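**Student:** Sequence and predicted structure below; questions after.
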Amino acid sequence: MEAKSGQDEYNQVKKDLQQLREDLASLTRAVSEGQKSNISSLRDEIRRESREAFDQVRQHGQDALNRAKDAGDKAIHDVEHKIEERPFLSVVLMFLLGVLVGKLLDR
């Protein structure tokens with residue numbers, strides 16, 4: 001009786017170990033699938049955030065370019081207006097500036 005009881009216990013331990021192996025394999029698969037899902041969602045989030053950051057940088061750059069263009073247009077308009085107000089003085093100043101630059105380049 002004692003031998004049969006020992007054999008039954010051995011078989012039960014064997015079954016328990018097999019069940020433990022199956023449970024461990026199942027748990028490993030579940031964790032692996034969960035990690036794949038987490039990685040996929042993390043990758044999507046990184047793509048979305050990098051796209052948003054790129055869009056913000058592009059918008060800031062476009063705004064700066066527009067401000068610089070507006071400032072340049074205003075400066076050109078101001079110069080044109082000054083030339084229209086005093087055309088003779090503007091011609092004389094440009095002539096003198098040309099002579100000065102020519103003298104500097106001759107050296």
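**Tutor:** Yes, it's here.
**Student:** all contacts plus neighbour counts: C-alpha atoms, from now on.
**Tutor:** Will do.
**Student:** what helix or strand is residue 34 on?
**Tutor:** Using DSSP states H and E, residue 34 maps to helix 2-85.
**Student:** Give the rounded mean pLDDT of that helix.
**Tutor:** Averaging pLDDT along helix 2-85 gives 87.
**Student:** Show me the contact partners of the following helix or strand past it.
**Tutor:** Following helix 2-85 in sequence order, the next helix or strand is helix 87-106 (DSSP H and E). By CA atoms under 8 Å, 6 or more residues apart in numbering, the residues outside helix 87-106 that reach it are residue 83.
**Student:** Buried residues, helix 87-106. List them.
**Tutor:** In terms of neighbour count (16 or more other CA atoms under 10 Å), helix 87-106 has no buried residues at all.
**Student:** what is the orientation angle of it with helix 2-85?
**Tutor:** Going by axes from the mean of the first three to the mean of the last three CA atoms, to 10 degrees, helix 87-106 is angled at 120 degrees with respect to helix 2-85.
**Student:** Please export the C-alpha coordinates of helix 87-106 as CSV.
**Tutor:** Extracted in CSV, the C-alpha atoms of helix 87-106 (Å, rounded to 0.1, in the frame of the first residue of the first chain):
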residue,chain,number,x,y,z
PRO,A,87,15.3,112.0,-55.9
PHE,A,88,18.2,114.4,-56.5
LEU,A,89,19.7,113.8,-53.0
SER,A,90,19.3,110.0,-53.5
VAL,A,91,21.1,110.1,-56.8
VAL,A,92,24.0,112.2,-55.4
LEU,A,93,24.3,109.9,-52.4
MET,A,94,24.4,106.8,-54.6
PHE,A,95,27.0,108.5,-56.8
LEU,A,96,29.2,109.3,-53.8
LEU,A,97,28.7,105.8,-52.4
GLY,A,98,29.8,104.4,-55.8
VAL,A,99,32.9,106.6,-55.9
LEU,A,100,33.8,105.6,-52.3
VAL,A,101,33.4,101.8,-53.0
GLY,A,102,35.4,102.2,-56.2
LYS,A,103,38.2,103.9,-54.4
LEU,A,104,38.2,101.2,-51.7
LEU,A,105,38.4,98.5,-54.4
ASP,A,106,41.2,100.2,-56.2
